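Student: just need the structure, nothing else, for what follows:
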Amino acid sequence: MTDELLLTGCLRGDSRHQRALYDKYRVEMFMLCLRYAKDRSEAEDFLQDGFMQVFRDLHQFDAAKGSLQGWVRKVVLNKALQQLRKKRLPFAPGDASDFAHLASADEHIISMLSAKEITQLIQQLPDGYRTVFSLYMVEGYSHQEIADTFGISVNTSKTQLHKARLALQQKITNLVSA
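Tutor: Sure thing, here's the model as predicted:
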């Protein structure tokens, strides 16, 4: 079923179309939620809240501005970030230059890991590290955008990213060495 047909049916309140829209995007959106959640349960909550928001705001979707998939992704991500802001994530202030001399993880080692293993390692990061890492590395947010989203300084965002990279590097090394 095309996105146009899904959209039309959902806007009419047809539960079959709503289910089809959910089924079409749920796996991709769940993977998105996993990058920001501390565990599967929290990711499921993010996903549920995100899709509730999608169905509430579906009338606001404008196909001229982009794809339905992109719009759903944006709504789900924003809902997850809203939930994280409510938790008042612990962001440790610091100076990113303190970590500039440290090397990044070997790309060969990373290529040996599956997407599931990498996601599990990211989930093990503290909330602040995980969130900044995912926003910066996966979503392409700038440090200024992250700082504005969470009310932190740009330096704090940079520090969280560097600490996340270091922690991931250590986790990857430990996993491969085991």
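Student: what residues sit buried inside the helix or strand harbouring F51?
Tutor: Assessed by DSSP states H and E, F51 sits inside helix 40-57. Neighbour counts over helix 40-57 (16 or more other C-beta atoms under 10 Å) mark E42, A43, F46, L47, D49, G50, F51, Q53, V54, F55 as buried. The C-beta positions use only the backbone N, C-alpha and C, and glycine is treated the same way.
Student: out of these, the closest to T2 would be?
Tutor: V54 (17.2 Å; C-beta to C-beta).
Student: which residues are in contact with that closest one?
Tutor: By C-beta atoms under 8 Å, 6 or more residues apart in numbering, V54 lies in contact with L21, V72, V75, V76.
Student: tell me which entries of those residues lie within helices.
Tutor: Those of the contacts of V54 mapping onto helices are L21, V72, V75, V76, per DSSP state H.
Student: only the C-alpha atoms, please, for stretch 2-20, written as PDB.
Tutor: Only the C-alpha atoms of stretch 2-20 are listed here, as PDB (Å, rounded to 0.1, in the frame of the first residue of the first chain):
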ATOM      1  CA  THR A   2       1.400   3.400  -1.000                       C
ATOM      2  CA  ASP A   3       2.000   6.100   1.600                       C
ATOM      3  CA  GLU A   4      -0.700   8.200  -0.100                       C
ATOM      4  CA  LEU A   5      -3.300   5.500   0.400                       C
ATOM      5  CA  LEU A   6      -2.100   4.900   4.000                       C
ATOM      6  CA  LEU A   7      -2.400   8.600   4.700                       C
ATOM      7  CA  THR A   8      -5.800   8.900   3.200                       C
ATOM      8  CA  GLY A   9      -7.100   5.900   5.100                       C
ATOM      9  CA  CYS A  10      -5.600   7.100   8.400                       C
ATOM     10  CA  LEU A  11      -7.000  10.500   8.000                       C
ATOM     11  CA  ARG A  12     -10.500   8.900   7.600                       C
ATOM     12  CA  GLY A  13      -9.900   7.000  10.900                       C
ATOM     13  CA  ASP A  14      -9.600   3.600   9.300                       C
ATOM     14  CA  SER A  15      -8.000   1.300  11.800                       C
ATOM     15  CA  ARG A  16      -6.700  -1.100   9.100                       C
ATOM     16  CA  HIS A  17      -4.800   1.800   7.400                       C
ATOM     17  CA  GLN A  18      -3.500   2.900  10.800                       C
ATOM     18  CA  ARG A  19      -2.200  -0.600  11.500                       C
ATOM     19  CA  ALA A  20      -0.700  -0.800   8.100                       C
END
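Student: tell me which residues of stretch 162-170 are tucked away?
Tutor: Within stretch 162-170, judged by 16+ other C-beta under 10 Å, the buried ones are H162, K163, A164, R165, L166, A167, L168, Q169.
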